[in-house]
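Trainee: below: sequence and its predicted model.
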Amino acid sequence: MSELEQLRGDIDAIDRQIVDLMKQRMETVAQVAEYKKANNIPVLDSGRERALLSKVGQEAGEELADYIQSMYRTIMAASRSYENGKLGRGSKVYDGIKKAMEETPQLFPQRPTVACQGIEGAYSQIACDRLFKAPSILYFQSFDHVFKAVESGMCQYGILPIENSTAGSVNAVYDLMIRHNFSIVRSARLKVSHNLLAKPGTKLEDIRDIYSHEQAISQCAGFLAGLKNVAVHVVENTAVAARMVAQSERSDVAALSSRLCAEQYDLEIVRDNVQDQDNNYTRFICISKKPEIYPGADRTSLMMTLPHKPGTLYNVLAKFYALNINLQKLESRPLPSREFEFMFYFDVEASVYAPEMEKLFRDLEAESEQLRYLGTYHEVIC
Ligand SMILES: C=C(O[C@@H]1C=C(C(=O)O)C=C[C@H]1O)C(=O)O
């Protein structure tokens, strides 16, 4: 037997003892849960946990204190989760998820009324047309109006951009999420390619002024830098830019917009795919008033307000880790009304049918100040 094999044999023997001791510890934890139930005591006891951490840290000695303490944080989180299960406390959120699954039809609607921000030809419209077969689209001036149109029932769904691969999160939309009630029922990941559009017959060398949204301009910076005697102007969105060019009396102006805008506004594509990088995409969410969970839903979004104390975010992340749930997105936004408090937005990868989802919600509800379930849905790649 090699030295390594011998050492691993020793580790195996120690692990048998650890597992045995952990089983004994969990059995005692279950008795604690019984006691707490009978005496109406909450599961979490932060004071006891802090004292335990400090004690095991001292017992471990300076060199190992950090390792042992971090292991104990995990052990205590597992104990609390076990206690919540033993107490038979269900999860309100998970009950709501089950109800939404029962009540949602099998098929995603094909012809609903959908709220989009902008005008015809905007990227939200492209995302909307990929998500629904034949939607009736109502256009609104702001993202806030899209949320309101869905909240009031005027539109069945709303489309909102939330993230771009080059420019990052759309903070304005995350900030509005805090203020509105809604559910996410689908998301779309749309490949974005920008084209230089002008009136038919216009040549590249004739163009003197180019209009577009600032994000599109920055994504085409390399192409624009190569043009001579051209001024670039920011407008509110790429479809507005195309409409301006179409309505202009001049024939030396152009817009950076989608291919759809060329058709929409009778413009010609002078140059296509002029973005600097070809892996440019934007993610959109499709929102509704009430939760709807369609078959195949594998992504769940949550929002949580966490108290401003050390370790609160860590505790949430530890739960995802303990249940082997993959985190796809984490976004934090300051809460305007509460100084130094943050709203965290999470996207996790897990099917609603997975048993760990019920455990996750039970544990999160038991311990987070404010938990908002936003929906479970599938992301469409278009
Ligand atoms: C087991 C208990 O419940 C929780 C788990 C703890 C642990 O695993 O040691 C400690 C405190 C509580 O947050 C307890 O209250 O003792």
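Mentor: Nice, I can see it.

Trainee: state the number of residues packed around Thr202.
Mentor: Number of residues near Thr202 (other CB atoms under 10 Å) recorded here: 20. C-betas here are computed from N, CA, C, even on glycine.

Trainee: which residues sit in contact with it?
Mentor: 251-252, 254, 268, 270 (CB atoms under 8 Å, 6 or more residues apart in numbering).

Trainee: give me the domain ranges for this structure.
Mentor: 3-86, 92-191+281-381, 195-271 (automatic domain parsing).

Trainee: what's the farthest-apart pair in the contacts of Thr202?
Mentor: Largest separation among the contacts of Thr202 by CB to CB: Asp252 and Glu268, giving 13.8 Å.

Trainee: who wins for neighbours among the contacts of Thr202?
Mentor: Busiest of the contacts of Thr202 [other CB under 10 Å] is Ala254, holding 30 neighbours.

Trainee: am I right that it is in contact with Ala198?
Mentor: Yes - Ala254 is in contact with Ala198 according to CB atoms under 8 Å; the separation is 4.1 Å.

Trainee: how distant is the lengthiest helix in the chain from the center of its chain?
Mentor: Across the chain, the helix with the greatest residue count (assigned by DSSP state H) is helix 3-39. Relative to its chain's centre, helix 3-39 lies at 37 Å (CA atoms, centre = their mean, to the nearest Å).

Trainee: thinking again about what came up before, shared neighbours of Ala254 and Ala198, anything?
Mentor: Taking CB under 8 Å, 6+ apart as the contact rule, Ala254 and Ala198 both touch 207, 245, 270.

Trainee: between these, which sits nearest Ala51?
Mentor: Val245 (69.4 Å).

Trainee: OK, contacts around Leu204?
Mentor: 196, 227, 270-271.

Trainee: could you dump those to JSON lines with pLDDT and distance to Val146?
Mentor: Below are the contacts of Leu204 laid out as JSON lines (pLDDT from 0 to 100; distance: CB to CB, whole Å):
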{"residue": "Leu196", "pLDDT": "98", "distance to Val146": "29"}
{"residue": "Leu227", "pLDDT": "96", "distance to Val146": "35"}
{"residue": "Val270", "pLDDT": "98", "distance to Val146": "32"}
{"residue": "Arg271", "pLDDT": "97", "distance to Val146": "32"}
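
Trainee: list the ones among these that fall in strands.
Mentor: Of the positions in these, 196, 270-271 sit in strands, assigned by DSSP state E.

Trainee: return the member of the residues you listed nearest to Arg186.
Mentor: Closest to Arg186, out of all of these and judged by CB to CB, is Leu196, at 31.6 Å.

Trainee: go through the contacts of Thr202 and flag which are in strands.
Mentor: 254, 268, 270.

Trainee: and the residue of the stretch 151-300 of the chain nearest the ligand?
Mentor: Thr300 (26.0 Å; CB to the nearest ligand atom).

Trainee: surely that residue touches Arg372?
Mentor: No - proximity of Thr300 to Arg372 does not meet the contact threshold set by CB under 8 Å, at 11.8 Å.
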